[in-house]
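Trainee: Sequence plus the predicted model coming up.
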Amino acid sequence: MNLQISGLSKTYPNGVKALDNVSLTIEPGMFGLLGPNGAGKSTLMRTIATLQEPDQGTVQLGDVNVLEQKDQVRQMLGYLPQEFGVYPRTSASAMLSHLAMLKGVVSRTQRKELVGAMLQRVNLYEHRFKHLSGFSGGMKQRFGIAQALLCHPGLLIVDEPTAGLDPNERNRFYNLLADVGENTVVILSTHIVQDVKELCSRFAILSNGRVVFSGGPAEATAELEGRIWERSVSKAELPDFQSRYQVLSTKLVANKPLIHVLNDEDPGEGFVSVRPELEDVYFSMTQGQAIHAETETTAAL
Ligand code: ADP
């Protein structure tokens, strides 16, 4: 079952064009949707999740017309939104049981089994009677995935799930997502390149509401082969380099900026050629919109 997005456009009443003729074909497995803040990722996710209407375009999930057959989609959908609200004074177990009931699991015994198994799966079983308000960021996200996975969705949408998680929590979350069945279409929307690197064999980059790339990591980096140059500069020199070169990223290593520039020829000046990374692709394609300092990579000191 594929998800086929064709010619999707959306302009908000304030004139912001959040989606500009977006077309994508997404097969089962993990698909990354990468883009800086404001690129239109959430708008696209909410549209696919039947929570808002586009101005134009179609979305087809297998033989279901997503924009018209909303009830069918909702039965097949697991969704972890960016802002995931929970009733804070409810326990994980009670909340999941309630959600399972809303999804149509009416038998108490079945619900208990389902909820128990799901909490085991996301490693929250021992915290099942704890109030959700006492959960850490990582625990909340794992709970979010548990509710999204209830009733085996054919389409799972997770919107910026690792923002704000520490590296340990992020890893646990990766492991959990990597375990979701191969037959499910999983869309992982994120502005964190590492998320896509770890999990996705196919991905798209969205910038200013447009798809600027869609494919696999090898295709993405091939085009930059031989064109990425690295060197360390002093903080005082940085503005000069930025004015003379297309600087894609700046990482502080041992308190000194390590820069990557995109240049067709060897710039000399002590630059060394490096193999293009996904970050280079991402920054080269979203430069108009990317917030530079946001290289979420923790530089090795
Ligand atoms: P992302 O998820 O990639 O950060 P969004 O889809 O949230 O992007 O936003 C895309 C653009 O649309 C941004 O410029 C944002 O400010 C704007 N936007 C999002 N939601 C609304 C809304 N309800 N009304 C007006 N503008 C919006």
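Mentor: Now that the structure is in, tell me what you want to look at.

Trainee: Buried ones in stretch 32-46, by neighbour count?
Mentor: Buried positions in stretch 32-46, judged by neighbour count with 16 or more other CB atoms under 10 Å: 32-36, 38-46. The C-beta positions use only the backbone N, C-alpha and C, and glycine is treated the same way.

Trainee: same deal with stretch 82-93?
Mentor: Applying 16+ other CB under 10 Å to stretch 82-93 flags Phe84, Val86, Ser91, Ala92, Ser93 as buried.

Trainee: So which of the buried residues of stretch 32-46 are in strands?
Mentor: Within the buried residues of stretch 32-46, residues falling in strands by DSSP state E are Gly32, Leu33, Leu34.

Trainee: wait, which of the residues you listed is closest to the ligand?
Mentor: Leu33 (8.6 Å; CB to the nearest ligand atom).

Trainee: In this structure that closest one contacts Phe203, no?
Mentor: Yes: counting by CB atoms under 8 Å, Phe203 is a contact partner of Leu33 at 6.9 Å.

Trainee: Keeping just the C-alphas, turn whichever strand or helix holds Ala18 into CSV.
Mentor: Secondary structure assigned from DSSP states H and E places Ala18 in strand 17-26. Provided in CSV are the C-alpha atoms of strand 17-26 (Å, rounded to 0.1, in the frame of the first residue of the first chain):
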residue,chain,number,x,y,z
LYS,A,17,2.1,29.6,1.2
ALA,A,18,2.9,26.6,3.3
LEU,A,19,2.7,24.0,0.6
ASP,A,20,3.5,24.7,-3.0
ASN,A,21,2.6,21.9,-5.4
VAL,A,22,4.0,19.0,-3.3
SER,A,23,4.0,15.6,-4.9
LEU,A,24,5.6,12.5,-3.3
THR,A,25,5.2,8.8,-3.6
ILE,A,26,5.8,7.0,-0.3
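
Trainee: wait, isn't Tyr174 in contact with Glu198?
Mentor: Yes: assessed by CB under 8 Å, Tyr174 is found in contact with Glu198 at 5.1 Å.

Trainee: Give me the helices and strands touching the lowest-mean-pLDDT helix or strand in the chain, please.
Mentor: When each helix and strand of the chain is scored by mean pLDDT, DSSP states H and E, helix 167-178 comes last, with a mean of 86. Contacts defined by 3 or more CB pairs under 8 Å, 6 or more residues apart in numbering; DSSP states H and E place helix 167-178 against helix 137-149, helix 193-199.
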